[in-house]
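# give me coordinates for this.
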Amino acid sequence: MIVDLLTGTVRAGTAVLYASLGELIAERAGVVNLGTEGSMLSGALGAFVVTAWTGNPWLGALAGGLCGAMMSLVHAFLVITRNANQLASGLTVMFFAMGLTAFFGRGYVQTQIHGFEPWAVPLLSDIPLIGRIIFHHDPLTYISFILVPAIWYLLFKTRSGIILRATGEREDAVYANGLSPKFIRYMAVLAGGFLAGIGGAQLSIAYTHTWVENMTQGKGIVAVALVIFAAWRPIRAMLGAYLFGGAQALQLIVQQQGYDVSPYLLFMAPYVITIVALFIVERRRVSRVPEALSGVFTGSGGG
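Numbers count the residues shown, from 1 in each chain. The predicted structure follows:
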């Protein structure tokens, strides 16, 4: 049961992990995107449709990422070019995506696809306990393992990462180097939307192999919260995503074991456990908000 729980933790947390990493990049550049939920939904539907058409889940995953990026482009235009309020714009994009995917996805609810299947890594998957927990997943999950240290290295060990972080902290310094903060923010928001779309793709073509209306069920909003509570660091965001995944896996295991627990309580459990755990962690430390986001969170700033 413990092995099943830990394996389910990784599988269920991967979609949120992708979205969290994408939102982390956007927020490091100074843009909060509550529309991450919309990018995930768009990615989930785009990946599912293309996989159903082509039979190739890799093309589906790429399409999911592009759909997520296109949805985030709407947010980027409203916030960066038109200087709209970031929170209001993100919510608008989220509801727009919910309606759009419900409309275009209604004909795919009963569609069967051949998506990504768990693939056992030779030799490593034979390691007792750890092998099944870590090395028996779909390809998008393995890519997420690599993505976490890669994004950490990009942010903190490269010139590009310094420029990205400077855009969210001291945009005057970016101007002084002859660069455009607006362009960097556009790229960061698009990258965030692309990763959120991949997260949605993982959900539809790897985790569930189905499409249903509003299948993300708030995971994009959870991703935004995880980034804030993780102090904008990839490793902590990964731990938060797996915390949520573990709560969701526990919910499924309790249902499978046939315990007499209200299904409504089980549905709430992943969100409640995540909120409580993150609240406890947040009480023990002080998070430094990137300067460009301080006005967004205090309500004194817009785009």
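
# per-residue confidence averaged over stretch 28-45?
Mean pLDDT, stretch 28-45: 97.

# tell me how far the ends of it are from each other?
28 Å (Cα to Cα, to the nearest Å).

# so how far is that stretch from its chain's centroid?
The chain centroid and the centroid of stretch 28-45 are separated by 8 Å, computed with Cα atoms, centre = their mean, to the nearest Å.

# what's the longest helix in this structure?
Identified as the longest helix of the chain according to DSSP state H is helix 2-28.

# who are the packing partners of that one?
Applying 3 or more Cβ pairs under 8 Å, 6 or more residues apart in numbering; DSSP states H and E, we find helix 2-28 packed against helix 36-54, helix 130-134, strand 136-137, helix 139-157, helix 159-169, helix 181-202, helix 219-229, helix 234-257. Just so you know, the C-beta spots here come from the backbone N, C-alpha and C atoms, and that holds for glycine as well.

# in the last one, what counts as buried?
To tie it back to what came earlier, the one meant is helix 234-257. 234, 236-251 (16 or more other Cβ atoms under 10 Å).

# just want the angle from it to helix 139-157.
160 degrees (axes from the mean of the first three to the mean of the last three Cα atoms, to 10 degrees).

# avg pLDDT for helix 234-257?
88.

# contacting residues around it?
Contact partners of helix 234-257, identified using Cβ atoms under 8 Å, 6 or more residues apart in numbering, comprise 1, 4-14, 16-17, 20-21, 24, 148-149, 151-152, 155, 219, 222-223, 226-227, 229-230, 261, 263, 266-267, 269-271, 273-274, 277-278.

# hmm, which of these are the buried ones?
6-14, 16-17, 20-21, 24, 148, 151-152, 155, 219, 222-223, 226-227, 229-230, 266, 269-271, 273-274, 277-278.

# pLDDT weak spots in the stretch 1-150 of the chain?
Within the stretch 1-150 of the chain, no stretch has pLDDT under 70.

# repeat that with 80
1 (pLDDT under 80).

# spatially nearest residue to Cys67 (excluding sequence neighbours)?
Once flanking residues are discounted, Cys67 sits nearest to Gly46: 3.3 Å by Cβ to Cβ, 6 or more residues apart in numbering.

# so who does that neighbour touch?
By Cβ under 8 Å, 6+ apart, the contact set of Gly46 is 60, 63-64, 66-68, 197, 200-201.

# Gly30 against Ala166, yeah?
No. The pair Gly30 / Ala166 is not scored as a contact, 9.9 Å apart, by Cβ atoms under 8 Å.

# which one of those two has more residues nearby?
Comparing Gly30 with Ala166 by other Cβ atoms under 10 Å, the one with more neighbours is Gly30, at 30 against 21.

# tell me, how many residues neighbour the closest residue to Lys182 other than its chain neighbours?
Once flanking residues are discounted, Lys182 sits nearest to Ile80: 5.4 Å by Cβ to Cβ, 6+ apart. Ile80 has 23 neighbouring residues, counting by other Cβ under 10 Å.

# one more: Arg170?
14.

# next: Gly22.
For Gly22, the neighbour count with other Cβ under 10 Å is 35.

# how close does it sit to Thr36?
7 Å (Cβ to Cβ, to the nearest Å).

# tell me, what's touching these two both at once?
Joint contacts of Gly22 and Thr36 (Cβ under 8 Å, 6+ apart) are 192-193, 196, 223.

# now, which of those sits nearest Val296?
Nearest to Val296 among those, counting by Cβ to Cβ, is Gly192 at 15.0 Å.
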